[in-house]
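Q: can't give you the sequence, but here's the structure:
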């Protein structure tokens, strides 16, 4: 099985963090978003991965090659023209040799992959949402097949959001649809959307089933990142380390390489490798590698790599290499 993972988005809603890192390398529940995706795929036997990179793509190359023994190919999307264009630039890997799994690189999905990968028809991962205007949605026909896919509808035509997980049984048909989409410049809001290419496939007779997803974590904003952190820690929190000079309240994820002293961490804290927390309280927060929090109370915060927070800080969104003294 082959997986294509678009990872080239600019992640503007996650600035300042995405000014210095690609969005898939931001941490949630103890590791980068991309690690959640790859660990799930590797555990289910996926060994060939195509990563579509762009913004700070060299960091993704370094990370994947350092941590995974995969048959991995990197394809560059030189212009940020949308998720449909991201799959389009990787179209050489869409052949009839085998089905392909498409997983968006800014979304964490917990799904029964063996059941999904065993499907004989193409499928789209879906989940009911209260406000479908933020997402692409699937409209079903009377037989339960996907009839229409609409990206961010102004008027709710369905509450079944598509979650950025697709199994395509005949990838060459998707390739043809992507090439037609770009050739005919079928754009919306200045971007090519994958759902528009998939719609061309549906219009040409492709049958696609919805596949219900119970656990789906959108990581597109700081608020969504923190919510995903809380929900993933509730779902699968690692063991709480026993420390002589610090208290860790579950559920929390603390890297073995973090340094904790005279502090209370958690609940819902994610403390990365090399981070240091001294004389502080940190809860409901994500602390990236090599960051330092000292003599502060930090709640509902995302602290960037090598950032320093010193003093009585509370709710923060601090980018890399920043110092905050309060």
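A: On my side now, so go ahead. As the structure is a computational prediction, the values presented were derived from the model and not from experiment.

Q: so who does residue 286 touch?
A: 26, 27, 28, 225, 226, 229, 269, 270, 301, 302, 303 (CB atoms under 8 Å, 6 or more residues apart in numbering). Using the backbone N, CA and C atoms, a C-beta is placed for each residue, glycine as well.

Q: which element follows the longest strand along the chain toward the C-terminus?
A: Scanning the chain for the longest strand, with DSSP state E as the assignment, gives strand 160-168. Under the assignment DSSP states H and E, the closest C-terminal helix or strand after strand 160-168 is helix 171-183.

Q: Output the contacting helices and strands for whichever helix or strand comes after that following helix.
A: Following helix 171-183 in sequence order, the next helix or strand is helix 194-203 (DSSP H and E). If contacts are counted by 3 or more CB pairs under 8 Å, 6 or more residues apart in numbering; DSSP states H and E, helix 194-203 sits against helix 83-88, strand 146-151, strand 160-168, helix 171-183, strand 208-212.

Q: who wins for proximity to residue 221 among these?
A: Closest approach to residue 221 among the helices and strands packed on helix 194-203 is made by strand 160-168 (15.3 Å; CB to CB).

Q: now the angle between helix 194-203 and that closest one, please.
A: Orientation check (axes from the mean of the first three to the mean of the last three CA atoms, to 10 degrees): strand 160-168 against helix 194-203 gives 70 degrees.

Q: what's in contact with strand 160-168?
A: With CB under 8 Å, 6+ apart as the test, strand 160-168 has contacts from 83, 94, 99-104, 106-107, 109, 111, 116-117, 119, 122-129, 132, 134-140, 149, 174, 194-195, 198, 210-211, 213, 216.

Q: from these, which would you call buried?
A: For these, a burial check counting by 16 or more other CB atoms under 10 Å picks out 83, 94, 99-104, 106-107, 109, 111, 116-117, 122-127, 129, 132, 135-138, 140, 149, 174, 194-195, 198, 210-211, 213, 216.

Q: So which of those residues sit within strands?
A: 100-103, 107, 109, 122-127, 136-138, 140, 149, 210-211, 216.

Q: what does the lengthiest helix in the chain contact?
A: Ranked by number of residues, the top helix in the chain under DSSP state H is helix 222-236. By CB under 8 Å, 6+ apart, the surrounding residues in contact with helix 222-236 are 13-14, 26, 28-29, 36, 108, 110, 215, 217-219, 251-253, 267-268, 270, 284-286, 300, 302, 317.

Q: and the gap between the residue lying farthest from the centre of the chain and residue 259?
A: Distance from the C-alpha centroid of the chain peaks at residue 244, with 34.9 Å (CA atoms, centre = their mean). Distance, residue 244 to residue 259, by CB to CB, to the nearest Å: 13 Å.

Q: Same question for residue 165.
A: Distance, residue 165 to residue 259, by CB to CB: 37 Å.

Q: ditto for residue 113
A: 36 Å.

Q: what does residue 99 give?
A: Going from residue 99 to residue 259 by CB to CB gives 46 Å.

Q: if I pick residue 259, what's in contact with it?
A: Shown in contact with residue 259 (CB under 8 Å, 6+ apart): 274, 275, 276, 277, 278.

Q: who wins for most neighbours among these?
A: residue 277 (28 neighbours; other CB atoms under 10 Å).

Q: Can you list the strands that the helix or strand where that residue lies pairs with?
A: In the assignment (DSSP H and E), residue 277 maps to strand 276-278. Paired neighbours of strand 276-278 in the sheet (DSSP bridges): strand 259-261 (parallel), strand 292-294 (parallel).

Q: Pick the most deeply packed of these.
A: strand 292-294 (a mean of 23; mean count of other CB atoms under 10 Å).

Q: Okay, buried residues for the helix or strand that comes right after it please.
A: Where DSSP H and E defines the elements, the next helix or strand beyond strand 292-294 is strand 297-299. Within strand 297-299, the residues that count as buried by 16+ other CB under 10 Å are residue 298.

Q: and strand 297-299, how far from the chain's centre?
A: Relative to the centre of its chain, strand 297-299 is centred 25 Å away, using CA atoms, centre = their mean, to the nearest Å.

Q: shift numbering so it begins at 8
A: Yes, from this point I'll number from 8; that puts the last item at strand 304-306.

Q: Lovely, talk soon.
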